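Undergrad: everything below, folded, please.
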Amino acid sequence: MFQPAVKVLGAEESKKWCVSKLAVPHDAMQKFIDDNCKKLDCTAIKPGGGCYKPDNLYNHGSYVLNQYYRAYGVCPSDIGTLAITNPTSGSWL
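TA: You can find the predicted model right below:
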């Protein structure tokens with residue numbers, strides 16, 4: 001699997017999470033997930049993975065968006081937004 005170069009986030013960026021916007025069309029989010037799971041490790045959101053549940057497009061999209069943000073330092077503003085508090089009750093983001 002292709003592993004993108006890891007971007008080292010500064011202290012300020014490492015305290016942020018890129019999450020799905022609520023109003024994103026499902027087809028746009030699914031395309032983002034499909035395209036980026038070819039480059040990023042998405043095993044955690046596959047059945048049996050630690051972040052598979054809740055099994056919905058919003059949560060899986062948030063996982064992939066945050067992986068993308070950690071890898072490239074960019075949160076795609078058309079489908080994602082930055083959160084300054086950890087949006088999870090677990091540690092999957």
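
Undergrad: when you work out contacts or count neighbours from here on, use the C-alpha atoms and nothing else.
TA: Fine.

Undergrad: now do the helices in this protein.
TA: 26-36, 57-72 (DSSP state H).

Undergrad: just give me how far the last one sits from the chain centre.
TA: By that I understand helix 57-72. From the chain centre to the centre of helix 57-72 is a distance of 1 Å (CA atoms, centre = their mean, to the nearest Å).

Undergrad: by how many degrees do it and helix 26-36 diverge?
TA: 40 degrees (axes from the mean of the first three to the mean of the last three CA atoms, to 10 degrees).

Undergrad: where does the protein have low pLDDT?
TA: 1-14, 89-93 (pLDDT under 70).

Undergrad: all strands of it, in order?
TA: In the chain, the strands defined using DSSP state E lie at 17-20, 80-83.

Undergrad: could you dump the ones you listed into TSV and include distance to residue 71 and mean neighbour count?
TA: What follows is the strands of the chain, written out as TSV (distance: least, CA to CA, whole Å; neighbours: other CA atoms under 10 Å):
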stretch	distance to residue 71	mean neighbour count
strand 17-20	12	27
strand 80-83	15	19
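
Undergrad: could you dump those strands to CSV with distance to residue 56?
TA: Below are those laid out as CSV (distance: least, CA to CA, whole Å):
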stretch, distance to residue 56
strand 17-20, 12
strand 80-83, 16
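
Undergrad: those strands: which one's closest to residue 53?
TA: strand 17-20 (15.8 Å; CA to CA).

Undergrad: helices and strands around that closest one, which ones?
TA: Secondary-structure packing of strand 17-20 (3 or more CA pairs under 8 Å, 6 or more residues apart in numbering; DSSP states H and E): helix 57-72, strand 80-83.

Undergrad: quick check: buried residues in the longest one?
TA: By 16 or more other CA atoms under 10 Å, the buried positions in helix 57-72 come out as 58-71.

Undergrad: which among those residues gets closest to residue 17?
TA: Nearest member of these to residue 17, counting by CA to CA, is residue 66, at 5.9 Å.

Undergrad: any idea what sits nearest the closest one, other than its immediate chain neighbours?
TA: residue 18 (4.7 Å; CA to CA, 6 or more residues apart in numbering).
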